[in-house]
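Engineer: Sequence and computational prediction follow.
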Amino acid sequence: MDKIKSRFRSENWTREEKDLLLELMRDSSHIVDNKQTDTDTNRRKHLEWLKIQNSLAEMTGKIRDVPQLKGRWRRMKMDAKNNILQNEKSERLTNEGNSSQSSSEDDFLCTSRMDHVESEQNIEENQGNDHLTKIHDFKRRKTETSHRSMVLAGNIDLKNYTKTLMKEEHELKMEYHKLELSHQQARHKLEMDILLLEKEKKELEVKLLKDRLKE
């Protein structure tokens, strides 16, 4: 039975949980990702994972065990590494394509039969176009960078706002549980009082009945 339960999948991670884990890892990754494996380092790693577990549970209300946290953090790092490699591959292919295009243009200029003046004019025109293209590319990259920075800043603000809302929600849940517990205790006390009164009533009725029989 235990083996069957151990094969059950854990609850899927939400986007908010992943973002909160990433925020927690900003202060903890240098500890848990330490390559050293001596006893003291391993002890610090274990304590740090427990700290991360408690912090995440307080913010989300969900309890993730340490192996789940380690697995999710490992997958997040692998995804980030794969994205970097993919971007580098795309840039390399783009650069190779640009180099091939430049070579074709040079071959065309070398094999053309235009006179010296026309060749110089074409070269100057191409240089001017290249210069304008570089300026346009620079402005475009600057705009894209600005947009990415704005999106990143917005995402950080959203994460902080979500974290605050989740913390407030957790505090409200804790307050509700306290009130619910207090209500249950009061109800339990009232039920006990009613039972005692019922018992006393029955005892009184029995006593009265006995007194009547004696008469």
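Structural biologist: Alright, I've got the coordinates.

Engineer: If we go by neighbour counts, what in stretch 59-71 is buried?
Structural biologist: Met59, Thr60, Arg64, Leu69 (16 or more other CB atoms under 10 Å). C-beta here means a position set from N, CA and C on the backbone, and glycine is covered the same way.

Engineer: Can you tell me the element the last one falls in?
Structural biologist: In other words, Leu69. Per DSSP states H and E, Leu69 falls inside helix 66-111.

Engineer: Pipe the buried residues of stretch 59-71 into TSV and attach pLDDT and secondary structure per row.
Structural biologist: Formatted as TSV, those follow (pLDDT from 0 to 100; DSSP: H, G, I helix; E, B strand; the rest coil):
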residue	pLDDT	secondary structure
Met59	91	helix
Thr60	89	helix
Arg64	92	coil
Leu69	94	helix
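
Engineer: In TSV: those residues, plus distance to Arg140.
Structural biologist: What follows is these, written out as TSV (distance: CB to CB, whole Å):
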residue	distance to Arg140
Met59	39
Thr60	40
Arg64	42
Leu69	41
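
Engineer: Among those residues, which one sits closest to Leu209?
Structural biologist: Among those, Thr60 lies closest to Leu209 (CB to CB), at 62.4 Å.

Engineer: Asn12: which of the buried residues of stretch 59-71 is nearest?
Structural biologist: Each of the buried residues of stretch 59-71 was scored against Asn12 by CB to CB, and Arg64 proved nearest at 11.5 Å.

Engineer: Show the backbone phi and psi for that closest one.
Structural biologist: phi -110, psi 130 (degrees, to the nearest 10).

Engineer: Would you check how far apart Met174 and Glu23 are?
Structural biologist: 21 Å (CB to CB, to the nearest Å).

Engineer: Could you check which of those two is surrounded by more residues?
Structural biologist: Legend: neighbour count by other CB atoms under 10 Å for Met174 and Glu23, higher for Glu23 (16 against 12).

Engineer: Can you tell me what sits against the host helix or strand of that one?
Structural biologist: Here Glu23 is covered by helix 15-32, with elements defined by DSSP H and E. Residues outside helix 15-32 that contact it (CB atoms under 8 Å, 6 or more residues apart in numbering): 44-45, 48-49, 51-52, 55-56, 59-60, 62, 64, 69-70, 72-73, 76, 159, 162-163, 166.

Engineer: again, only this time at 7 Å
Structural biologist: For helix 15-32, the external contacting residues (CB atoms under 7 Å, 6 or more residues apart in numbering) are 44-45, 48-49, 52, 55-56, 59-60, 72-73, 76, 159, 162-163, 166.

Engineer: Tell me the most packed of those, by neighbour count.
Structural biologist: Ranked by neighbour count (other CB under 10 Å), these have Ile52 at the top, with 23 neighbours.

Engineer: Over to that residue: give its phi and psi.
Structural biologist: phi -60, psi -40.

Engineer: ok, now the one 10 residues further on?
Structural biologist: Comment: the main-chain dihedrals of Lys62 come out as phi -110, psi 140, following degrees, to the nearest 10.
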